[in-house]
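Undergrad: for reference, the sequence and a predicted model appear below.
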Amino acid sequence: HPHPILARGNGNSVTGNGGVTNQQSQAQPQRRFKLMTYAEHSNWIVGTFFTGHGSRYEVMSGCVDGNIKFWDLRYPSSIRTLDVQRSRMTALAAHPRVPLLATGSHAQFIKILTPDGDTLNVMRYHGLHTGGEQGSRERAMSSHAMTHGQRIGPVSCLAFHPHKMILAAGATDEIVSLYSPAGV
């Protein structure tokens with residue numbers, strides 16, 4: 001992609017007003033740049049990511065209200081919204097190479113989802129609950145025990161490894177946990 005692009009929350013995760021700002025600049029002597037602001041979220045934004053799976057090139061943003069919006073850089077409003085959880089979403093991550101999303105909650109669970117909003121797994125204190133179909137994408141984070149019953153604290157941050165199927169989760173109890181599908 002010839003143009004560097006930056007996406008950031010409008011404000012911080014504590015005082016943000018629910019907007020997402022996109023800046024596109026050309027790395028040429030003219031120093032032109034395009035600024036677009038999206039303000040459809042109704043509460044604090046917990047994460048923004050670029051997604052490039054398939055033929056789409058979108059910005060994804062998640063709000064503490066439990067919804068995720070997808071923004072096509074060519075349009076002034078979101079192109080779709082997923083309501084992914086009822087409890088407050090405190091963390092969001094998107095795998096850069098595999099079409100997987102992860103959300104975290106202060107209610108001590110982590111969800112693994114497809115970009116279409118299908119819940120693949122929910123990891124909780126006592127282990128793993130599997131939902132959805134068991135196709136090839138769904139096996140990316142399979143129904144095999146990923147947590148082995150370990151405790152999940154109130155989730156504060158999530159990040160996927162850039163090349164491997166590994167998810168890191170940080171919690172407010174000062175514990176960092178790593179998750180991967182069984183057999184990896």
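TA: Okay, I see it. Numbers count the residues shown, from 1 in each chain.
Undergrad: okay, now the residue lying closest to His163 once chain neighbours are set aside: neighbour count?
TA: Distances taken as CB to CB, 6 or more residues apart in numbering place Arg97 nearest to His163, at 6.7 Å, with adjacent residues excluded. (Each C-beta comes from the backbone N, C-alpha and C, glycine too.) The local packing of Arg97 (other CB atoms under 10 Å) involves 13 other residues.
Undergrad: one more: Pro99?
TA: Look at Pro99: counted by other CB under 10 Å, it has 17 neighbours.
Undergrad: you'd agree it is up against Asp118?
TA: No - assessed by CB atoms under 8 Å, Pro99 is found out of contact with Asp118, at 10.5 Å.
Undergrad: for the chain, which helix or strand comes out least confident on mean pLDDT?
TA: strand 127-130 (a mean of 43; mean pLDDT, DSSP states H and E).
Undergrad: list the buried ones in stretch 47-60?
TA: Across stretch 47-60, burial judged by 16 or more other CB atoms under 10 Å covers 47-51, 53, 58-60.
Undergrad: now do that stretch, average pLDDT.
TA: Averaging the model's pLDDT scores along stretch 47-60 yields 80.
Undergrad: low-scoring stretches of the protein, by residue?
TA: Along the chain, the model assigns pLDDT under 70 to residues 1-32, 34-35, 54-56, 126-150, 182-184.
Undergrad: go again using 90 as the cut-off
TA: Using pLDDT under 90 as the threshold, the predicted model of the chain has low-confidence ranges 1-39, 50-58, 72-76, 96-97, 124-153, 173-174, 180-184.
Undergrad: distance of Pro162 from Asp83?
TA: Taken as CB to CB, to the nearest Å, the spacing of Pro162 relative to Asp83 amounts to 28 Å.
Undergrad: so how far is Ile166 from the residue nearest to Thr90 when sequence neighbours are not counted?
TA: In space, Thr90 comes closest to His106 once its chain neighbours are excluded; the distance is 5.0 Å by CB to CB, 6+ apart. Using CB to CB, one gets 23 Å for the distance from His106 to Ile166.
Undergrad: go on, Leu113?
TA: From Leu113 across to Ile166, the span is 17 Å (CB to CB).
Undergrad: more neighbours: which of these two?
TA: Neighbours were counted for Leu113 and for Ile166 using other CB under 10 Å; Leu113 has more, 24 against 15.
Undergrad: these two touch, right, that one and Gly104?
TA: No - look at Leu113 against Gly104 with CB under 8 Å: they stay out of range, at 11.8 Å.
Undergrad: contacts only, for Arg80.
TA: Under the criterion of CB atoms under 8 Å, 6 or more residues apart in numbering, the contact partners of Arg80 comprise 69-70.
Undergrad: which neighbours does the one helix or strand Lys69 maps to have in its sheet, and in what orientation?
TA: Using DSSP states H and E, Lys69 sits in strand 67-72. Taking DSSP bridges as the criterion, strand 67-72 sits next to strand 58-63 (antiparallel), strand 80-83 (antiparallel) in its sheet.
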